[in-house]
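In: Quick one, what's the 3D model for this:
(2 chains)
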Protein chains: 2
Amino acid sequence: MSRLKEIISDDQIKKYDRSNIFKDYRSWPTLASESFEKEVSVPKISKFGHIVVCGMGGSAAAGDVLKSWLKRLNVVVVKGYHLPKWVGKDDLVIATSYSGNTEETLGCYSEALEMGLPLVTISSGGLLESSSKKNGIPFNKVPHGLAPRAAFPLLFYTLVNILYSLRIVNDVEFKESKSSIGVLTSHSKKIFPEVPINENISKQVASFMFGKYPVIYGSEDISCVVERFRRLISENGKWHAMADVIPELCHNEIVAYDIPNPQLRIMLLRTKLDTQEVRIRFDILKEVLL
Amino acid sequence: MSRLKEIISDDQIKKYDRSNIFKDYRSWPTLASESFEKEVSVPKISKFGHIVVCGMGGSAAAGDVLKSWLKRLNVVVVKGYHLPKWVGKDDLVIATSYSGNTEETLGCYSEALEMGLPLVTISSGGLLESSSKKNGIPFNKVPHGLAPRAAFPLLFYTLVNILYSLRIVNDVEFKESKSSIGVLTSHSKKIFPEVPINENISKQVASFMFGKYPVIYGSEDISCVVERFRRLISENGKWHAMADVIPELCHNEIVAYDIPNPQLRIMLLRTKLDTQEVRIRFDILKEVLL
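Out: Next comes the predicted model:
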């Protein structure tokens, strides 16, 4: 713990965060607002079937959050080289790649282009920009120069904006997504490096996880957050973590706790959105695990 | 290693496998054949939209395998209490619960019943059987008395049979699934406890993983296998494992390997089905990780 306190001091954060990625994270509320206000290019569509978001890493995360949020729509996120085989002429394909050069996303983009599907693209440049322009595909440019994993708000709020422009996202949902920028602003101030550990939930979590294997559990409804948390521990923390969702984990992973394991650090991500059924499961988990 | 050799001797397997679950696994080829030949009850449908498989644990795994296999169809697996909000009148709901009393699956079943959706059920008994019979829902009974996680072939091959009966699975696919029973038979003989470790891939894998954290990587195309392997380590091995899929892991999790970690045991699940792109990613991973 004392070594950790030293590690998460201002000076040490500067030392470990060599690419100064924290600067990118600090700008999230601004990036979100700017993406939210910006005009977007969209394809002309009269009806739509599925919404297929193609992207990897941070772009995939934007699709996952969209899927978790817009539950009334069947959003499908493709994290690979190819469109699903069932994709048909009414399905809207959104190809997102921060660099514009992600080979998997370019693969899906090419397939959609060849099939003549309703298609729209998002990137900061690269081949996705040049090919979209050449082929007359509605293209949405986001600012470049960030670490791709920190570009999440650029991609997510541009996605929302595109779907609002197409009247797929309705007025109520659009307002809801706008209010999330306020939450982003107020929360981010509480987790800045200059906030001391006793008031800083991020530093407290880092302290709790340090030197152990984090295990992140949350409701299936926020599986996008559970999954992203795990992956960001790898990307930013250069370490391994485990994750699973409630209720599925209650049917298998929970059995692994027959023998207590001091190398694990279990984190339960509870939210106001949790249903009564999920709350009960969390209470049982807490009793069994902690 | 010497302790492990002792653990995986015949006598020790009997000692650790107290519920004799191996007996259930040994019967998989027979269970598969019987489920495959059996007549099934199906709803009358003239067309269908999505195939929604509801189930937890082993039942969810049957849905996941179906989804990975029938890529030309948009199979959706629900591992929770509620049907997706977008489900509509043409979507076929298949509720599977080995015990017939899984509360999440019963929740989805009730919603489908209330909405009057095309519905079919699979269980060995329980409330799912009694309610299906009471409400005139096509019900498919599977033999009871197994550990639910070992009931996979009963659930999977019954699923295939139902979809074939509805002409959703075509003749070619039906034959393909039948041939998988042959593979199951020939493979299972190689991994029985009586086969010595030098000829037994299962014992070799157990020896490799012993006392470490298994990390299972495979192509997104076989994500059902990757995920099931991880969960079965928890259920049968009472231990924790990690898992991820190619290519997505190349965009985040791979960064965690900046510092070598001797506590991990990485397993790459390569198959003949891997595309050229995935094969290249595997080769790179092997170079980086091993």
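In: tell me which helix or strand of chain A sits lowest on mean pLDDT?
Out: The least trusted helix or strand in chain A, going by mean pLDDT, DSSP states H and E, turns out to be helix A:2-7, with a mean of 62.
In: Heading C-terminal from that one, find the next helix or strand.
Out: Toward the C-terminal end, the helix or strand that comes next after helix A:2-7 (DSSP states H and E) is helix A:10-16.
In: Setting the sequence-adjacent residues aside, check what's closest to the residue nearest the centre of chain A.
Out: Per Cα atoms, centre = their mean, the C-alpha nearest to the average position across chain A is that of residue A:61, at 3.1 Å. Counting by Cβ to Cβ, 6 or more residues apart in numbering or on different chains, residue A:228 is the residue found nearest to residue A:61 once chain neighbours are left out, at 5.0 Å. In short, each C-beta sits where N, CA and C put it, glycine included.
In: Determine the three-state secondary structure at that neighbour.
Out: Following DSSP: H, G, I helix; E, B strand; the rest coil, we place residue A:228 in the helix state.
In: swap in residue A:217?
Out: Quick answer, by three-state DSSP: residue A:217 is strand.
In: Next, count neighbours for the closest residue to it other than its chain neighbours.
Out: Leaving aside its sequence neighbours, residue A:217 sits nearest to residue A:268 (Cβ to Cβ, 6+ apart; 5.4 Å). Residue A:268 is flanked by 16 other residues according to other Cβ atoms under 10 Å in any protein chain shown.
In: Partner strands of the strand or helix carrying residue A:268 and their direction?
Out: Using DSSP H and E, the element containing residue A:268 is strand A:264-269. With DSSP bridges as the test, strand A:264-269 is paired with strand A:213-219 (parallel).
In: circling back: contacts for the strand holding residue A:268?
Out: A:205, A:208-209, A:212-219, A:222, A:225-226, A:229, A:242, A:282, A:285-286, A:289-290, B:240 (Cβ atoms under 8 Å, 6 or more residues apart in numbering or on different chains).
In: Please pick the buried ones from those.
Out: Among those, those buried by neighbour count (16 or more other Cβ atoms under 10 Å in any protein chain shown) are A:209, A:213-219, A:222, A:225-226, A:229, A:242, A:282, A:285, B:240.
In: what's the closest of those residues to residue A:275?
Out: residue A:219 (7.6 Å; Cβ to Cβ).
In: what's around the closest residue to that closest one other than its chain neighbours, how many residues?
Out: Of all residues not flanking residue A:219 in the chain, residue A:278 sits nearest, at 4.6 Å (Cβ to Cβ, 6+ apart). For residue A:278, the neighbour count with other Cβ under 10 Å is 22.
In: Checking residue A:278 next. Helix, strand or coil?
Out: Three-state assignment for residue A:278 (three-state DSSP): helix.
In: pretty sure it contacts residue A:221?
Out: Yes - shown here, residue A:278 and residue A:221 form a contact pair, counting by Cβ atoms under 8 Å, at 7.5 Å.
In: Excluding covalently adjacent residues, which one is nearest to the residue in chain A sticking out farthest from the centre?
Out: Among the C-alpha atoms of chain A, the one farthest from their average position, using Cα atoms, centre = their mean, is that of residue A:259, at 33.1 Å. If the residues on either side of it in the chain are set aside, residue A:259 comes closest to residue B:238, at 6.1 Å by Cβ to Cβ, 6+ apart.
In: how many other residues sit next to that neighbour?
Out: Applying other Cβ under 10 Å, I find that residue B:238 has 13 neighbouring residues.
In: quick one: it and residue A:260 touch, right?
Out: No - with contacts counted by Cβ under 8 Å, residue B:238 stays clear of residue A:260, the gap being 11.2 Å.
In: Please name the bridge partners of residue A:219.
Out: Beta-bridge pairing for residue A:219 (DSSP bridges): residue A:246.
In: Does anything pack onto the strand or helix carrying residue A:157? Which helices or strands?
Out: Per DSSP H and E: residue A:157 is located in helix A:152-165. Contact partners of helix A:152-165 among helices and strands, from 3 or more Cβ pairs under 8 Å, 6 or more residues apart in numbering or on different chains; DSSP states H and E: helix A:28-37, helix A:57-69, strand A:92-96, strand A:119-123, helix A:171-190.
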